[in-house]
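> Could you work out the structure for the sequence below:
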Amino acid sequence: MNSSLHKKIPLKQRLGHSWKLLRVLVRQFRLFFICSTIAFIGSTLILYNVYPVNELPAHHHSVLGVAYDTLQMVFFQSPIPFVDDWRLIPIFFGLPMLGLIVIAEGVVNLGQLLFGQRTYSKEWQEMLAATFENHIVVAGLGNVGFRVVEHLRKCGEEVVCIEKNADAKFMSDMARMDVPVLIGDITNSQLLEDASIGKAKAFMALTDDDLANLEAALTVREVMPQLRTVIRMFDQRLAQKIEKSFGIDCAFSTSALAAPVFAQAAISGNILASFEFGGSIVNAFQLEIIDKHALHGMDVDAVRHKYEVTVIMHNRAGSLDWNPPPATTLATGDKVLIMADNKNIQNFLG
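Modelled structure (predicted):
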């Protein structure tokens with residue numbers, strides 16, 4: 001990566017890449033580090049207790065001095081004379097071999113890891129997924145799955161994806177968002193384990209196959225009964241029955257969720273979201289104030305009382321105010337986010 005491209009990557013993202021690489025390194029080299037450390041400490045103690053250190057200069061007599069000699073021996077140095085003692089011979093011959101293995105293993109594996117991280121290879125994604133904790137596993141990387149992952153990443157959530165098609169169109173987007181994707185059948189319990197489902201905080205089955213979504217959710221339930229589980233179903237009535245019968249936390253029909261938004265869009269192009277609550281249709285409505293608009297010059301409290309709506313957000317010249325004060329006066333160019341039912345939207349559309 002050249003310097004000009006490196007500068008374009010935000011510091012936070014670069015730190016995130018480094019932290020993920022460190023997590024993978026610790027996991028992949030964990031056993032090797034432990035064995036090497038035990039060998040080093042064991043050799044140091046044997047040398048300190050067996051080697052005739054009194055015959056050496058004073059700076060070799062301490063444990064720290066012997067440890068330094070041991071480290072030098074690992075890297076093919078001869079800081080102390082050879083002693084023909086059966087207890088020490090394995091150390092004199094074994095430590096240089098250990099050093100050779102450390103260098104060879106480190107260079108080869110580290111090179112592979114760095115190359116895998118740079119190319120976002122399948123192997124790198126599998127190793128990365130194994131390090132995740134308190135994350136969300138999303139199965140299905142179609143249009144719905146991609147939008148869900150995109151939203152979760154904007155919310156700061158860590159995500160691992162499972163997708164059956166290795167050539168799915170959003171694979172490059174996942175690499176851009178640092179989201180590992182495991183390729184395979186979402187009903188495969190081993191694949192779910194590879195996605196660190198045992199350390200996840202939620203599972204979402206979002207493929208276009210209702211049966212596969214349900215089977216995957218039930219498989220996850222067997223392994224992690226308390227894990228929050230969300231599935232996508234095409235039939236809303238079936239989704240409701242499954243939610244009640246199988247203890248699934250949430251079962252949604254995307255068509256049922258989208259239908260109110262499409263319907264309300266016919267009323268106004270400013271509808272952002274629409275849903276039913278308490279038997280009423282509630283809409284999230286964005287509005288830009290112009291000179292002759294009915295809301296121009298009114299304060300937020302007056303708008304709330306006159307039109308019986310809730311002003312949730314106020315945007316003026318790029319400055320966003322959540323829950324604006326009642327005395328805020330609406331001026332030309334201001335944008336507001338309003339929650340209202342159909343009847344009250346019609347009152348101020350003009």
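> can you list the domains in this structure?
Annotated domains of the chain cover 3-119, 125-252, 259-348 [automatic domain parsing].
> Return the most buried member of those.
When those are scored by mean count of other C-beta atoms under 10 Å, the highest mean neighbour count falls to domain 125-252 (a mean of 18). Yep, even glycine has a C-beta here, placed from its N, CA and C like the rest.
> Can I get the helix or strand where Arg221 lies as PDB, trimmed to CA atoms?
When secondary structure is defined using DSSP states H and E, the element that contains Arg221 is helix 210-223. This file holds the C-alpha atoms of helix 210-223, laid out as PDB (Å, rounded to 0.1, in the frame of the first residue of the first chain):
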ATOM      1  CA  ASP A 210     -37.900 -19.800   4.800                       C
ATOM      2  CA  LEU A 211     -37.100 -23.400   5.600                       C
ATOM      3  CA  ALA A 212     -33.300 -22.800   5.800                       C
ATOM      4  CA  ASN A 213     -33.800 -19.800   8.000                       C
ATOM      5  CA  LEU A 214     -36.000 -21.800  10.400                       C
ATOM      6  CA  GLU A 215     -33.700 -24.800  10.500                       C
ATOM      7  CA  ALA A 216     -30.700 -22.600  11.100                       C
ATOM      8  CA  ALA A 217     -32.500 -20.700  13.900                       C
ATOM      9  CA  LEU A 218     -33.500 -24.000  15.600                       C
ATOM     10  CA  THR A 219     -29.900 -25.300  15.300                       C
ATOM     11  CA  VAL A 220     -28.700 -22.200  17.000                       C
ATOM     12  CA  ARG A 221     -31.400 -22.600  19.700                       C
ATOM     13  CA  GLU A 222     -30.100 -26.100  20.500                       C
ATOM     14  CA  VAL A 223     -26.500 -24.800  21.000                       C
END
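> what about the strands in the stretch 151-300 of the chain?
Along the stretch 151-300 of the chain, the stretches classed as strands by DSSP state E, counting those that start in this stretch are 159-163, 181-183, 202-205, 228-232, 250-252, 271-277, 280-288.
> just checking, what packs against the longest one?
In this structure, strand 280-288 makes packing contacts with helix 254-265, strand 271-277, strand 335-341, helix 342-348, judged by 3 or more C-beta pairs under 8 Å, 6 or more residues apart in numbering; DSSP states H and E.
> From the rest of the structure, what touches the next helix or strand after it?
Moving toward the C-terminus from strand 280-288, the next helix or strand (DSSP H and E) is helix 300-307. The set of residues external to helix 300-307 that reach it, using C-beta atoms under 8 Å, 6 or more residues apart in numbering, is 295, 298, 309-311, 314, 324-328, 330, 340, 344, 347-348.
> what residue ranges in the stretch 201-350 of the chain score low on pLDDT?
For the stretch 201-350 of the chain, the stretches flagged by pLDDT under 70 are 247, 264, 266-269, 345-350.
> switch the cut-off to 50
Counting by pLDDT under 50, the stretch 201-350 of the chain has no low-confidence residues at all.
> Excluding sequence neighbours, find me the nearest residue to Val311.
The shortest distance from Val311 to any residue that is not its chain neighbour, by C-beta to C-beta, 6 or more residues apart in numbering, is 4.9 Å, and that residue is Val300.
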